[in-house]
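Novice: What follows is a predicted structure for the sequence shown.
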Amino acid sequence: MIQQLPWREIQFPTHKDARGSLTMAQAGPQGLVPFEIKRTYALHNLDGRLGRGSHATFHTQQVLIPLAGGFMARVTDGQTWRTFELNQRPFNYEITGLYIGSGVWRELADFMPGTVILVLSDTYYEDADYVRDWESFMDRVVHGEGGKPSE
Ligand code: TYD
């Protein structure tokens, strides 16, 4: 059986004409976002020397969409690590986003100057859904010790 990894790049289509570009992300049967969107936020004014993330979520799924600039994302399910380079170049036809499923540890770093990342999420913000240290991630998320917080 081929097991699907809980992360993947998503190419968001762009309508480009002389006036500029319009890129669309939507959920539902016609869309590429694999969940109903309850929350959206942006990461901006980022310091290229500092990382973000370093956490996992029990339930929350997300899609990270670089609207400007670029960054590196490292993700792991506790076994496999994968690194993605997500750049939005000025003349890119499409925008490549990164889907990150629940139970995935992520580290974001190497932000280019002017980077803006739009994040789509399928939950309302709830701090109890976040695991912010590596040992708890391995114990609680990967090995399922102590149970999950309720959805
Ligand atoms: P944090 O999870 O550390 O950001 P990142 O994932 O980029 O490393 O969140 C930073 C702060 O913002 C923290 O105090 C929690 C708060 N926050 C909200 O209030 N709502 C949200 O939707 C998110 C993602 C964070």
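Specialist: Received, thanks.
Novice: Start from the N-terminal end of the protein and give the strands.
Specialist: Per DSSP state E, the chain carries strands over the ranges 7-12, 14-17, 20-23, 39-43, 52-57, 62-76, 81-88, 95-100, 105-109, 116-121, 130-131.
Novice: hmm, what's the outermost residue in this protein?
Specialist: A18 (30.7 Å; Cα atoms, centre = their mean).
Novice: mind listing what it touches?
Specialist: Going by Cβ atoms under 8 Å, 6 or more residues apart in numbering, A18 touches no other residue. C-beta coordinates here come from the backbone N, C-alpha and C atoms, glycine included.
Novice: if we can go back for a sec, most tightly surrounded among the strands of the chain?
Specialist: Mean neighbour count (mean count of other Cβ atoms under 10 Å) peaks for strand 95-100 among these, with a mean of 22.
Novice: any idea how far it is from the chain center?
Specialist: Relative to its chain's centre, strand 95-100 lies at 6 Å (Cα atoms, centre = their mean, to the nearest Å).
Novice: partner strands of that strand, parallel or antiparallel?
Specialist: strand 7-12 (antiparallel), strand 62-76 (antiparallel) (DSSP bridges).
Novice: Could you dump those into a markdown table with distance to the ligand added?
Specialist: As requested, the strands paired with strand 95-100 are exported to a markdown table (distance: least, Cβ to the nearest ligand atom, whole Å):
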| stretch | distance to the ligand |
| --- | --- |
| strand 7-12 | 15 |
| strand 62-76 | 9 |
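Novice: Next, format these as CSV and append distance to E145 and mean pLDDT.
Specialist: Formatted as CSV, the strands paired with strand 95-100 follow (distance: least, Cβ to Cβ, whole Å; pLDDT from 0 to 100):
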stretch, distance to E145, mean pLDDT
strand 7-12, 23, 96
strand 62-76, 18, 96
